[in-house]
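[1] Need coordinates for the below:
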Amino acid sequence: MTFPCARSKSRFASQPIGDELVLLDLDRDEYHTLSNNAADIWFAADGARSEKEIAELVFGDCSPASVLRVQIGLSELSDAGLLEGGPTALARFSRRKVGHLAAAAVLGLVGLPLVTSI
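    Predicted coordinates for the structure are as follows:
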């Protein structure tokens, strides 16, 4: 079984700014801003931990809501090219699932990780 794995940390320059982590991708000359949750998920994605293990490490439990937050974070990190294997490393969420996630976020049921790239 393959577990999520972040690209080598040595390929990034990083600087915490406030509640976020700013990364400069030295290979691609791109900047990424990660929220605390997204940064914690990125650091925990070492190729040896499952999504449930990452949830336990980052959020202190492996409840379905915490695992879902990890899945969202990994999807965002993958889309930004921050995981091994690039944007296709993880399966995409269906439109229906994204709609449910958006509704949960509006209701404050799920704190969504955020990754912004420029």
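[2] quick one, what contacts the closest residue to residue 26 other than its chain neighbours?
    Nearest residue to residue 26, sequence neighbours excluded (CB to CB, 6 or more residues apart in numbering): residue 11, at 5.3 Å. Yep, even glycine has a C-beta here, placed from its N, CA and C like the rest. Residues near residue 11 by CB atoms under 8 Å, 6 or more residues apart in numbering: 25-27.
[3] From those residues, which land in helices?
    Within the contacts of residue 11, no residue falls in helices by DSSP state H.
[4] Check those residues against residue 79 and report the nearest one.
    Taking CB to CB as the measure, residue 25 is the one of the contacts of residue 11 closest to residue 79, at 13.6 Å.
[5] returning to that earlier point: what's the ChimeraX line that selects buried ones from the contacts of residue 11?
    Here is the ChimeraX command that selects the buried residues among those (16 or more other CB atoms under 10 Å):
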select :25
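[6] Just give me the closest of the contacts of residue 11 to residue 36.
    residue 25 (19.6 Å).
[7] For residue 22, pull up the helix or strand it's in.
    Secondary structure from DSSP states H and E places residue 22 in strand 20-25.
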